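Participant: below is the sequence, then the predicted model.
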Amino acid sequence: MQERNLVSNIYYEKRWIALALLCTAQFMVIMDTSIIGVALPAIKNDLGYAQSGLQWIFNAYVVLFAGILLLGGRLSDLFGARKIFMCGFVILTAASLLAGAAWSPESLNTGRALQGLGSALIAPAAMTLLMTTFTDPKELGKAFGFWGASAAAGGSAGVFLGGVITEWTNWRWVFYINIPMGLVVLSLCKAYLKAGRKNTGKIDWIGAVLATAALIILVYAIVSAENAGWGSSRTIGLLAFAVILFVIFIFTQRKSADPLLPFHILKAPNLSAGNIVTALLAAAWIPLWFFLNLYLQQILKLNAFHSGLALLPMTITIMITMVGVTGKLVVKYGVKANLMAGLIFLTISLLVFSMGSVNGTFLSSVLPASILGALGMSLAYIPGTMISVSGVKPEETGLASGIVNTSYQVGSALGLAIIAVIATSVTKNSLINGVEETTALNAGFKTAFLGAAILGGLGIIIAAVKIKQSK
């Protein structure tokens, strides 16, 4: 007992270094969803991607990430968070090497998918380690502030870093950058991170395969509907197959002694509503940065570096707000009020972007709306996460963090997939009708921002009606 207490005290003294490692992990996981944004045109030219296929550079990562997160959370609970955290980093680092060395769209998509697999092990394990490292409520709130800032900043900073790397070196380094970072984190894990609690139970491999397969088929059906047609037998068949797999997944979960998703956890206060709102938050936020990158380069004609630089104010806004402001506002006004305010700001930002002009400028068309959107994300992300995990049992923290991360990534993948298909269709129809190419592209982008704003508005409604106020 004395030896165990001594070990606990050692890790307690090192907890802020542990937080730095966990924030670095969260930063990398989210950065990998955004760093490719500015590099998309260069990747398209080098590897021969079709315009409509570019989103798979994002979705190949996100679909595997989302599909495996529940399993990652379960593995964290069963085998210890630190062990799964380290396994995830080994996979992520190796996959980054493959993605950076890609020689075709298929090889890059494969590398991105494996990056998603590694991140799916890292994310829930990291959140479990965070919540078990900081047990004092005040310290936990402060730690969550840094955690949330590292996540949202990873999304925005990835855009800036992608611009710098693409402009000054080569797009391949947007993947190679993970290798030294991953090796540093792996070298420090055992010294600063607790091994984590191990629980009894079995792994629901059948549930993991069904959930992942259903999600992949669903996203593929949506993104391929542009060419096949929404009413085609192929699209309808794929959608029906995805639904069938989801139904089978639900049936197996109800019958399994150790389900991947035990449905009783959904009864935790605000968990279901919190996850739905988190999914809608992601479905609004991810299309914002994806299409804003394209707008900056294809409409405003900025190069990769200047596109990244144009979004630096978003990163600064997120860092300042999440670390210095959001936590205090949550304490003063509660999670629901902050979540609502954030969603409202983000939705207004998207509505402003939906009115963007081909003759726009950075100062008039980008800066004000991007700062408002970053402020909205800063206010909404932490409360959404806290709402979704605060009511669960300690032994199910990994699972709850896996669920909320899954909700965010599923919202990202499906939101971007649906909006990208609609935007591409608008652009194609405009070109068919004789509209000039830049104007046609801008029409598609405006439609994308409007669609994301509608999803943000839906999140506002659900948050207002379904989430109970708490502090």
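Facilitator: Right, received. Where do you want to start? This one's a predicted model, so the numbers in the text were calculated from it and none came from an experiment.
Participant: is the closest residue to S401 other than its chain neighbours in a helix, a strand, or coil?
Facilitator: Excluding the flanking residues, the one nearest S401 by Cβ to Cβ, 6 or more residues apart in numbering is M127, at 3.6 Å. For the C-beta atoms, the positions are set from N, CA and C on the backbone; glycine is no exception. Secondary structure assignment for M127 (DSSP: H, G, I helix; E, B strand; the rest coil): helix.
Participant: next: N359.
Facilitator: Assigned by three-state DSSP, the conformation of N359 is coil.
Participant: what number of residues lie near it?
Facilitator: Look at N359: counted by other Cβ atoms under 10 Å, it has 10 neighbours.
Participant: next, give phi and psi for it.
Facilitator: phi -100, psi 20 (degrees, to the nearest 10).
Participant: quick check: it vs T438, distance?
Facilitator: According to Cβ to Cβ, to the nearest Å, N359 and T438 sit 10 Å apart.
Participant: low-confidence ranges, the stretch 1-150 of the chain, go.
Facilitator: 1-13, 33-34, 37, 51-52, 135-138, 141, 148 (pLDDT under 70).
Participant: can you pull out the helices in it?
Facilitator: Ranges of helices in the stretch 1-150 of the chain, per DSSP state H, counting those that start in this stretch, are 2-13, 15-34, 40-47, 55-79, 81-100, 105-133, 137-168.
Participant: next one: the stretch 201-350 of the chain
Facilitator: Secondary structure of the stretch 201-350 of the chain (DSSP H, counting those that start in this stretch): helices located at 205-228, 233-255, 271-294, 304-310, 312-321, 327-333, 335-353.
Participant: report the mean confidence score over the fourth one.
Facilitator: Confidence over helix 304-310, taken as the mean pLDDT, stands at 75.
Participant: how about that helix as PDB, C-alpha atoms only?
Facilitator: Extracted as PDB, the C-alpha positions of helix 304-310 are listed here (Å, rounded to 0.1, in the frame of the first residue of the first chain):
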ATOM      1  CA  ALA A 304      -0.600  28.100 -49.400                       C
ATOM      2  CA  PHE A 305       1.400  30.200 -46.900                       C
ATOM      3  CA  HIS A 306      -0.800  33.200 -47.000                       C
ATOM      4  CA  SER A 307      -3.900  31.000 -46.700                       C
ATOM      5  CA  GLY A 308      -2.500  29.600 -43.500                       C
ATOM      6  CA  LEU A 309      -1.500  33.100 -42.300                       C
ATOM      7  CA  ALA A 310      -5.000  34.300 -43.000                       C
END
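Participant: give me the contacts around that helix.
Facilitator: Applying Cβ atoms under 8 Å, 6 or more residues apart in numbering, the contact partners of helix 304-310 are 38-39, 41-42, 159-164, 166-168, 293, 296-297, 302, 362, 366-367, 370.
Participant: out of the residues you listed, which end up buried?
Facilitator: The neighbour-count criterion (16 or more other Cβ atoms under 10 Å) marks 38-39, 41-42, 159-164, 166-167, 293, 296-297, 302, 366, 370 among these as buried.
Participant: could you say which of the helices of the stretch 201-350 of the chain is packed most deeply?
Facilitator: Highest mean neighbour count of those: helix 271-294, a mean of 26 (counted as mean count of other Cβ atoms under 10 Å).
Participant: cheers, nothing more for now.
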